[in-house]
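1. When you get a sec, could you give me coordinates for this:
(4 chains)
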2 protein chains.
Amino acid sequence: MSASTHGPRERIVYEAAQHLRRTGVAGTGLREVVVAAGAPRGSLQHYFPGGKDQIVGEALEWSGAWAAARVQEHVARMRRPTPGHLFTAIVDDWAADLASRDFERGCPVAAAVVDCADANDAVRQAANLALQTWQRPITEALVAMGRGPRRAQVLSTLMLCALEGAVVLARAQRDTAPLRLVARELAPVLDA
Amino acid sequence: MSASTHGPRERIVYEAAQHLRRTGVAGTGLREVVVAAGAPRGSLQHYFPGGKDQIVGEALEWSGAWAAARVQEHVARMRRPTPGHLFTAIVDDWAADLASRDFERGCPVAAAVVDCADANDAVRQAANLALQTWQRPITEALVAMGRGPRRAQVLSTLMLCALEGAVVLARAQRDTAPLRLVARELAPVLDA
DNA sequence: CATCTTCTATGACATTCGTCATAGTAGCGC
DNA sequence: GCGCTACTATGACGAATGTCATAGAAGATG
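-> Residues are numbered from 1 along each chain as shown, chains lettered A, B, ... in the order given. Sure, this is the predicted structure:
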């Protein structure tokens, strides 16, 4: 759960990511983050001389890596690997996470994009990178399932779009229905 | 374009919606909005005694109604109406809007959900309502195209999920590719 | 012990925020 | 003219923000 490995630095990055998921970039106060991380406030300027942008950037990087690792866990766990099954596994994972926390937390990448794709290009790029980090293992898994590289890329993009959108809808109505819906509807398409 | 019909009140709501699309809820300053609307600051407490929540709420309501009207325009304009064609029309519309403004502005509903689904339930409900307002004409159009009511609801939900997610991805990579992709991939599925 | 680097601890700064209080103006019915 | 309502105009307040300056502790290395 808490992949906050060791030191205060890691805990700050982790906690920043969790805070992003709840209130977005502008809504995330560094003082709050530092308190939640049980870290001294002085660590902020020591470990993150780049300021908030750096922290948000690293939080996104961490989130992308975490999501990618999670995908690979699903791939490894699957008995009959198909794109549809993988998608369902990922979506179910998100549905469980959302519901277990009362739909408090969404996707940090989406939050970053929505908040500062306009004015903060550094954060936008970090979000884009995190998205790629996340997508890569999905694409690779699809290739391993026999899809061509180009087709795999298309399908993984479709997956992420449907997932991100479903997370938004699910949080809006506080119900995992949209997530279950996209899994049910898209799985056969992905396996076709 | 600017559906800011007449008075300062309408202009404030409209401008608030546009600002939401760029920087989310927390990033939207009421002073900025009022300046952009060319409205006097005193109008804030006069027209919106409910404060920021009310303004954001009305901005979302306006956005939902606008999106719904836009859908109906597409429906009216279509020569060979099919679900896939409708979806493509909607997605193309968004792609053109995103690109024309350099991916500055996204979906206000998504912004509201991402920013305050956690702590601000009034805004979350407003976002949810806007989503329903938007979805209804889509569902009705699908019914008119021969889908059963339940099936139409499922398909329109799928459309919105894919669209919302694609908008996020598109803004992250500053490219309409994800939007075109979901249209291309989903259209045949919707028409099946 | 002395020194140097790493990390922590606070206090202060300038902004910005949403909100409120208060006063002013415009226009209309009478 | 008066009175009333609708709207505008500002100034101020307290809270919170990111950032910086500065100084202190800890711990290794010499």
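2. going forward, measure contacts between C-alpha atoms and count neighbours the same way
-> Fine.
3. Check which element follows the lengthiest helix in chain A along the chain.
-> As assigned by DSSP state H, the longest helix anywhere in chain A is helix A:51-77. Next helix or strand after helix A:51-77 toward the C-terminus (DSSP states H and E): helix A:83-100.
4. then that next one to CSV, C-alphas only?
-> Extracted in CSV, the C-alpha atoms of helix A:83-100 (Å, rounded to 0.1, in the frame of the first residue of the first chain):
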residue,chain,number,x,y,z
PRO,A,83,-6.5,-7.9,-23.6
GLY,A,84,-10.1,-7.9,-22.3
HIS,A,85,-9.1,-9.8,-19.2
LEU,A,86,-6.2,-7.4,-18.6
PHE,A,87,-8.5,-4.4,-19.0
THR,A,88,-11.0,-5.9,-16.6
ALA,A,89,-8.3,-6.6,-14.1
ILE,A,90,-7.1,-3.0,-14.2
VAL,A,91,-10.5,-1.5,-14.1
ASP,A,92,-11.6,-3.7,-11.2
ASP,A,93,-8.5,-2.7,-9.4
TRP,A,94,-9.5,1.0,-9.7
ALA,A,95,-13.0,0.3,-8.8
ALA,A,96,-12.0,-1.4,-5.6
ASP,A,97,-9.6,1.4,-4.7
LEU,A,98,-12.2,4.1,-5.4
ALA,A,99,-15.0,2.4,-3.5
SER,A,100,-12.7,1.5,-0.5
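5. if we look at that helix, which residues are touching it?
-> With contact meaning CA atoms under 8 Å, 6 or more residues apart in numbering or on different chains, helix A:83-100 is reached by A:71, A:74-75, A:78, A:104-106, A:142, A:145, A:159, A:163, A:167, A:171, A:175-176, A:179-180, A:183-184, A:186-191.
6. chain center to it, what's the gap?
-> 12 Å (CA atoms, centre = their mean, to the nearest Å).
7. Also stretch A:74-86?
-> 19 Å.
8. which parts of it are buried?
-> Buried positions in stretch A:74-86, judged by neighbour count with 16 or more other CA atoms under 10 Å in any protein chain shown: A:74-75, A:81-86.
9. The residues you listed also near DNA strand C: which ones?
-> Among these, no residue lies close to DNA strand C (CA under 7 Å from any atom of the strand).
10. wait, which of the residues you listed is closest to residue A:38?
-> Nearest to residue A:38 among the buried residues of stretch A:74-86 is residue A:74, at 31.7 Å by CA to CA.
11. Distance of the closest one relative to residue A:167?
-> 19 Å (CA to CA, to the nearest Å).
12. re earlier: return the mean pLDDT over the longest helix of chain A, rounded to an integer.
-> Summarised as a single mean, pLDDT over helix A:51-77 is 97.
13. what angle do that helix and helix A:83-100 make?
-> Using axes from the mean of the first three to the mean of the last three CA atoms, to 10 degrees, one finds that helix A:51-77 and helix A:83-100 are set 130 degrees apart in direction.
14. how about helix A:51-77, does it reach DNA strand D?
-> Yes. Judged by CA under 7 Å from any atom of the strand, helix A:51-77 and DNA strand D are in contact via A:51-53.
15. Quick check, pLDDT for residue A:192.
-> Reported pLDDT for residue A:192: 86.
16. Likewise for residue A:6?
-> pLDDT at residue A:6 comes out at 79.
17. Do the longest helix of chain A and chain B come into contact?
-> No. For helix A:51-77, no contact with chain B is found by CA under 8 Å from any CA of the partner chain; the gap never falls below 12.4 Å.
18. Give me the buried positions along that helix.
-> Those would be A:52-68, A:70-72, A:74-75, for helix A:51-77 by 16+ other CA under 10 Å.
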